[in-house]
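K.L.:
Just a sequence and a predicted model for now, questions to come.
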Amino acid sequence: MIQPLTCPVCGKTPDPTTGAQTSPFCSERCRKVDFFRWWDGRYAIVEDLAPGGALSELDLLDAQESLQPDDQ
Ligand SMILES: [Zn+2]
């Protein structure tokens with residue numbers, strides 16, 4: 001109501017109950033997706049950058065699944 005923000009990843013309107021924690025993304029998942037989007041696109045990092053080890057390999061795979069382009 002105050003900010004007509006939409007999630008940059010999926011375009012949904014963030015849930016106000018969780019949006020404050022994941023802003024500007026609608027969810028933690030979308031925040032990860034965006035993170036891996038630039039991380040995977042701009043850098044060839046071989047080191048484990050996961051902050052605090054919070055992101056597991058499964059999280060990475062899960063996020064990358066969402067990155068598959070529709071127009072192949
Ligand atoms: Zn989203």
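P.N.:
Sure, I can see it. Everything numeric in this text was worked out from a predicted model, so none of it was measured.

K.L.:
what about Cys30, neighbour count?
P.N.:
21 (other CB atoms under 10 Å). Yep, even glycine has a C-beta here, placed from its N, CA and C like the rest.

K.L.:
residues in contact with it?
P.N.:
Cys30 makes contacts with Cys7, Pro8, Val9, Cys10, Thr22, as judged by CB atoms under 8 Å, 6 or more residues apart in numbering.

K.L.:
Quick one: buried ones out of the residues you listed?
P.N.:
For the contacts of Cys30, a burial check counting by 16 or more other CB atoms under 10 Å picks out Cys7, Val9, Thr22.

K.L.:
State the distance from Thr22 to Arg31.
P.N.:
Distance, Thr22 to Arg31, by CB to CB, to the nearest Å: 5 Å.

K.L.:
picking that back up, also within reach of the ion: list those from the contacts of Cys30.
P.N.:
Cys7, Val9, Cys10 (CB under 5 Å from the ion).

K.L.:
Contacts only, for the last one.
P.N.:
Meaning Cys10. Per CB under 8 Å, 6+ apart, neighbours of Cys10: Cys26, Cys30.

K.L.:
measure it to Arg31 for me?
P.N.:
As judged by CB to CB, Cys10 and Arg31 stand 11 Å apart.

K.L.:
Out of the ones next to the ion among the contacts of Cys30, list just those in helices.
P.N.:
The helices, defined by DSSP state H, take in nothing from the ones next to the ion among the contacts of Cys30.

K.L.:
Switch those residues over to TSV; also include pLDDT and distance to Phe36.
P.N.:
Output for those, formatted as TSV (pLDDT from 0 to 100; distance: CB to CB, whole Å):
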residue	pLDDT	distance to Phe36
Cys7	87	15
Val9	87	10
Cys10	89	14
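
K.L.:
tell me which element Ala16 falls in.
P.N.:
Quick fix: residue 16 reads Pro, not Ala. Using DSSP states H and E, Pro16 sits in no helix or strand.
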